[in-house]
Every structure is written in C-alpha cells, then in structure tokens.
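K.L.:
here's a sequence, model it:
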Amino acid sequence: MTGEQVRAGMAGETSTSAALRREPIQAPRLEVRGLSKSFGASRALADVSLAVAPGEVHALVGENGCGKSTLVKVLSGYHAPDPDGEVLIDGERLEMPIRPATMRRCGLSVVHQDLGLFDSFSVTENIRLGQFGAKRLTRAIGWRRERELARHSLMALGAKIDPSAKVGALSAFERAEVAIARALQHRLPGRGLVMFDESTRSLPPEPRRHFHALIRGVASDGGAVLLVSHHLDEVLEHADRVSVMRDGGVVAAAVRAEDLSEHELMALMLGREPISRSRRRALDRAAAVPIPSCPPSVAGVPGTAATVEDLHGRVLRGVSLTVARGEVLGVTGLLGSGFEELPYLLAGARRAGGGTLTLSGRRHDLRTASLRALLEAGVALVPERRGVDGLALSESVMENVTLPRVSKRGGRLRIGGAWQRQEAEWVLGTLGVRPADPHALVRNLSGGNQQKVLLGKWLCARPKLLVLHEPTQGVDVGARVDIEDALVEAARSGCAVIVASMDVSELAGICDRILVTRRGAIAKELSGAQTSEEIVAAVYGGRLEAAA
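P.N.:
Residues are numbered from 1 along each chain as shown. Take a look at the predicted model:
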C-alpha cells in the first residue's frame, strides 16, 4: 500500500470523533512503509506498510508468530529493521533504529506484552526510571517529588497503588497498571502515539473499562493509539479501524471495525474459515500422537487423583477439594478471592500456611513440601508469568523442553541424546510451535509459541497433577485451540488437570467442574456443561446479592 493510498483510505468516513472528520486530511500520525525484519534466515516481518491516523484507535491483530510484537519492538527501538523500510511520525522520517530520545520527542510510547518492569524496584522507580530529576548542586534525586509524579500518573489511570510498593509484590493487573501509567506519564494532548501490546490481558472487567475510556480520551484529543490485542470482541467494540497481519505481512489494512464481524476477522487472521470446536469434538477426534517414552494411556481409570485438605494461603482459608483422574477442574473468581494462588500453593512454589495434598496415596504437608519434592511426586506447574517463572528465554526450545529430565535421562559424560530431540519434536509437532525448529531460541518466539513450549515441557514429564494459571492469556485464537486441546488430551491420558483462570470462555470449553472462590473460600461448585454467562453469574453472584 502506497503513502497516497494510505492517505486516501483516511479520507473515508471512520468512527472517530465528528470533530476529527471535519478536519482537513492530515499526515498519518504513524506511517510504516515497506518495513522488514529478519533474524538470520527467518523473516519475521515482510514489507509491512501501515498507517495510523490522528484521533483514532487502530487495532493490530493476527495469530501468534505473525509479527505483531516484532513490529511493535521495531517501532519502539528494541529491534533494528532491515534496510530500506521507513517509519514516519507526523510526516517526519525517523532514523532507524529509533532511539529513546527520539521516541520522547515524537511522543511515542509503548507498553510491551511482558510489561518490562523490574520486580525488585518500587512502583515509583519503575514509572520514573530514566526520567529522574536531580538537584542542581548535589545531583541527588528528590524522591518526594518523584513519588508525587508517580502517584499523579497512577491517579490519571484510576489506579490505587502505593508508589513505594515493590512491583514484585503486586498482582498481575496492578503490574499492568504500573506499566500503562509509565507509558502515559508524558503524553501531551493532540500529539503522539501510544502502543499497547496485549496490555489489557491482566486487567479485570472494571479496570479494563476504565482503560478503554482512557484510550478513547487519548484519541479524542488528537493523539493516536495502536492497540495489539487477541480479544476480538474488544477490538470490534473499541477500535476505529483494524489491520490484520499473517505470516509477517499485512493482509488487510485499515478496515473499518464497524464493517467486520468476529467471524470475518478470525477468517482474515487464519487465512481460512474458522472451524467451530467444542470439548466433545476434542475428545472424539482421532487418537493423539503419544508422548515419547510414556506408559500407555490410563484414560477411563476411575478414582480420585488428588485430595486437598484445609489449605491456607495469603487469601485462601481452609479450602478442601478433590480432582479425579482424567478430570479438568476449573477454579475461578474475582481477583483477590484466592483462586489465583491455588496453583502455586499446590505446586510448592509458594509456601502454604497450612494444608495437605494427597497424591497417589502419599500425603504431603504443604507447609513444608518443597517445589522439588512435589515435582518428583508428580505435580507440574504452568505459571502465569512464563518469561519470569517458567522458561529460560536465552536457551533453545529443545533445552527448555527437556531441562526437567536431564538429570534422570542424561548420561554421566553426555546429558543430551536422541531422547531430547524426540521430546522437542513431539512438542513442536503436537502443539504446532512455530518455527518448528528445536534449536530456535525461546526469546525469539511469539508469546503463544512460548506458552506452547512451557506447556509441552511439563506434558513430557507425564504429571499426575497438572496445575495451570491463566494458560491461554495473551495467545491468539489458533494457539488457544492448540493449548486447550492439549489440556483435554492430557486429562484423557489420566492426568488430573486444575486450571485457575478468569477466562470464562476457556473454562466453559474444557472443564468438567468449576469451583468459584469468594473471600478465600469455595463459594460455589458448577458441574457439567456450563455457558460463559452461567460462570459469570456464579462469579459475580455474591456481589450482586450483597448489593441487593
């Protein structure tokens, strides 16, 4: 698409503000021309052209691995693109790679998918890093002023977070609010572009509504927003126009959101008509490829796989539950109700205040049981923060997949062997990891493909109890299907699966039972097939009853 075509497309009616529609045609706030990015022989971006108009929320969608995050990283100066491509802000061509000083001057800011926060730093330090004001003579940082500036940025977002708190102690959605506050702190009305790369994935409904109001405010005063999201309902409701990426290129540019249905948008992303799916279809599909070097399936073996008694954590109080072999048990609730700490307590990643786990007839005291001991007993954890708690990003796919079994399967003089390649190729093939290269560095994979590697690592261990926290957070529709199918197949093989998640459509699609937590206790149990609406009603039921 040429610059003239881009500008011509902008001349058409959009759903931006009426005031903007009466303005003369302006240069795009952001214009990308023929941008490419290669990593060795792999081409992540191929001749990408894109334009974002002043005053619009422009969504960028596509499957994991299509190049969305790579494009954002090029636009934020993290990657240098291949020669010949151009990036223009308000008609000004920028020198590549884009430098931080240039970003500040042009009003460019970004919230990356991994948020880019330092857990050991305070909220103030994370927000103000690189922006500290020093006293003229002593060069000392005026921390009182810095905290007030951080507090002001948080208040603008509606976030009630202590500026002195350590970021590592915050919840997932509070961390997202800190990153968003940092990106917006220097924004000036009527200029600039803010890029959000899956920034709403950790936000619960109320903060998410506030976020959408905030980005609409950015657009309405003449700024612009580039919103990268896997939530297609969010895209269609809140974006003015949508561009779709596939295989490193833009396959649909600046399509009016009001002209698209969710089905049509999925078809553009996938390059084909989306296939409807259900848990029954997953169970009835052809036999899956068996995990390498694993015993035969024990599907249909009756009995309880795990029993949890009187579990206490930071929020959970006296929780008891059972999960059967071959069962997918969902656990959900409002943020802060305790469901989100259950996986970490059961896996020994967080020390419990009390409680026991009985697995295969053996009783484990969760006050003292270590992560290693529970792993050896057959408990595997897929944590929410894959890049921090689950993967070695600087290592290859094969090394990540096989790391938990090196000490047992490796030899005295040589840890590797055919078994490593066999496990890695099983994960690549069964979960559809792209690129299908066992030697690819995990840090160069998209978020969805990283999540598949993390899940595959523990599926190869054949756990008796697999516990997961938000397993499909930040992944596209295609990767979501692959991950959900893998969980159903793990249960079909006899594993007990516990999924702690706020994604009600995910829970409705794969769970046999769902437990709803409220104020640290199990308030409700939902058995059998459930719709998303029924799960939402159960989660918010207590709040609605209290309000009545």
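K.L.:
can you classify the closest residue to Gly168 other than its chain neighbours as helix, strand or coil?
P.N.:
Closest residue to Gly168 apart from its sequence neighbours, by C-beta to C-beta, 6 or more residues apart in numbering: Asp119 at 3.2 Å. Every residue, glycine included, has its C-beta placed from N, CA and C. Classification of Asp119 by DSSP: H, G, I helix; E, B strand; the rest coil places it in coil.
K.L.:
flag the shaky bits of the chain, pLDDT-wise.
P.N.:
1-25, 200-207, 273-302, 411-414, 416, 541-548 (pLDDT under 70).
K.L.:
and the residue of it most remote from its centre, what does it touch?
P.N.:
Computed with C-alpha atoms, centre = their mean, the residue of the chain farthest from its C-alpha average is Leu137, at 44.8 Å. With contacts defined as C-beta atoms under 8 Å, 6 or more residues apart in numbering, Leu137 has no neighbours.
K.L.:
and stretch 83-94, what's buried?
P.N.:
Buried residues in stretch 83-94, counting neighbours by 16 or more other C-beta atoms under 10 Å, are found at 85, 87-90, 94.
K.L.:
ok, now stretch 140-157?
P.N.:
For stretch 140-157, burial by neighbour count (16+ other C-beta under 10 Å) applies to 146-147, 149-151, 153-154, 157.
K.L.:
if we can go back for a sec, what about the residue farthest from the centre of the chain, which helix or strand?
P.N.:
Using DSSP states H and E, Leu137 sits in no helix or strand.
K.L.:
where's the most centrally placed residue in the chain relative to Asn449, distance?
P.N.:
Centroid-nearest residue in the chain, with C-alpha atoms, centre = their mean: Gly474, separated by 2.6 Å. Per C-beta to C-beta, to the nearest Å, Gly474 is found 11 Å from Asn449.
K.L.:
residues near the residue nearest to Ser505 when sequence neighbours are not counted, how many?
P.N.:
Of all residues beyond its chain neighbours, the one nearest Ser505 is Ser532 (5.0 Å), with distances taken as C-beta to C-beta, 6+ apart. Ser532 is flanked by 14 other residues according to other C-beta atoms under 10 Å.
K.L.:
same thing with Gly158?
P.N.:
For Gly158, the count of nearby residues is 15 (other C-beta under 10 Å).
K.L.:
which SS class is the residue lying closest to it once chain neighbours are set aside?
P.N.:
Nearest in space to Gly158, with sequence neighbours left out and distances taken as C-beta to C-beta, 6+ apart, is His210 at 4.8 Å. What three-state DSSP gives for His210 is helix.
K.L.:
can you get me a residue count around His210?
P.N.:
14.
K.L.:
quick one on the thing from earlier: ok, now which ones touch the residue nearest to Gly168?
P.N.:
Asp119 touches 166-168, 388, counting by C-beta under 8 Å, 6+ apart.
K.L.:
and these, which of them are buried?
P.N.:
Buried by 16+ other C-beta under 10 Å: Val167, out of the contacts of Asp119.
K.L.:
what's the most distant pair in the contacts of Asp119?
P.N.:
Using C-beta to C-beta, the two most remote members of these are Lys166 and Val388, lying 14.4 Å apart.
K.L.:
what residues of stretch 495-508 count as buried?
P.N.:
Going by neighbour count (16+ other C-beta under 10 Å), the buried part of stretch 495-508 is 495-504, 506-508.
K.L.:
endpoints of that stretch, how far apart?
P.N.:
19 Å (C-alpha to C-alpha, to the nearest Å).
K.L.:
run the chain-centre distance for it.
P.N.:
Its chain's C-alpha centre and that of stretch 495-508 lie 15 Å apart, by C-alpha atoms, centre = their mean, to the nearest Å.
K.L.:
the helix or strand Leu268 falls within packs against which elements?
P.N.:
In the assignment (DSSP H and E), Leu268 maps to helix 262-270. Secondary-structure packing of helix 262-270 (3 or more C-beta pairs under 8 Å, 6 or more residues apart in numbering; DSSP states H and E): helix 232-238, strand 241-246, helix 477-492.
K.L.:
deepest of these, which one?
P.N.:
strand 241-246 (a mean of 24; mean count of other C-beta atoms under 10 Å).
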